[in-house]
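> using only what follows, build the 3D model:
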Amino acid sequence: MFLRRFARPSSLMMMAKVKETTGIVGLEVVPNAREVLIGLYNKTLTEIQRVPEDEGYRKAVESFTRHRLKVCEEEEDWEVIEKRLGCGQVEELIEEAQDELKLIDKMIEWDPWGVPDDYECEVVENDAPVPKHVPLHRPGPLPEEFYKTLDAIMAGKLDAPPKKDEPVISSTSQ
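Residues are numbered from 1 along each chain as shown. Predicted coordinates for the structure are as follows:
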């Protein structure tokens, strides 16, 4: 009994912590989440090579995927991985990585970076009527004081404020 009482806790300490539930309906616990994530992140880094090298999408995906892969390779414990990444539970990260792989395929299919050089885009001027389905995102009016100050500067009645690094020279005599 003595050995059981004292030997048992140490053997339990040696075992990895097991998550019982994610607490999210429909999201099952993945006991080997770290290994799954490492595999998905490596696959993502391989698949993203199909996107042109200078595209922002590729740069962003490579950057955050490399970071997440590095954390997963450095840490053994799923709790530490979740804490260091700060992006949810490892099971959620698995879903995100799977979704990113699907998105890479869609981006390749859609080819948004393949716009021909001679492509002409229609430019809508401010005066042109905007279709009803397009929301108007126009800033509100500026304060009246702004326009008065601008008019005074343009008329030369008011000196423009000094630039940040420009010293202020006073005309007062000493």
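
> identify the residues contacting the helix or strand hosting V80?
Per DSSP states H and E: V80 is located in helix 78-85. With CB atoms under 8 Å, 6 or more residues apart in numbering as the test, helix 78-85 has contacts from 17, 19, 33-34, 37, 68, 71-72, 75, 88-90, 93. Bear in mind the C-beta positions are built from the backbone N, C-alpha and C, glycine included.

> tell me the average confidence for that helix?
With pLDDT averaged residue by residue, helix 78-85 scores 95.

> and the next helix or strand past it?
helix 90-110.

> before we move on, back to that, list buried residues within the contacts of helix 78-85.
19, 33-34, 37, 68, 71-72, 75, 89-90, 93 (16 or more other CB atoms under 10 Å).

> find the pair from the residues you listed with maximum spatial separation.
Farthest pair in the buried ones among the contacts of helix 78-85 (CB to CB) is K19 and R68. Separation: 18.6 Å.

> can you point out the buried residues in stretch 29-41?
30, 33-34, 36-37, 40-41.

> where does pLDDT dip in this structure?
Counting by pLDDT under 70, the low-confidence segments of the chain come to 1-16, 124-126, 128, 137-139, 158-174.

> what segments of it are helices?
2-14, 33-47, 56-74, 78-85, 90-110, 144-155 (DSSP state H).

> wait, which of these is closest to Y119?
Nearest of those (CB to CB): helix 90-110, 15.2 Å.

> the closest one packs against which elements?
helix 33-47, helix 56-74, helix 78-85 (3 or more CB pairs under 8 Å, 6 or more residues apart in numbering; DSSP states H and E).

> nearest to G23 among these would be which one?
Of all the helices and strands packed on helix 90-110, helix 78-85 comes closest under CB to CB, at 12.4 Å.

> quick one: distance of that closest one to the chain centre.
Centre-to-centre, helix 78-85 and its host chain are 18 Å apart (CA atoms, centre = their mean, to the nearest Å).
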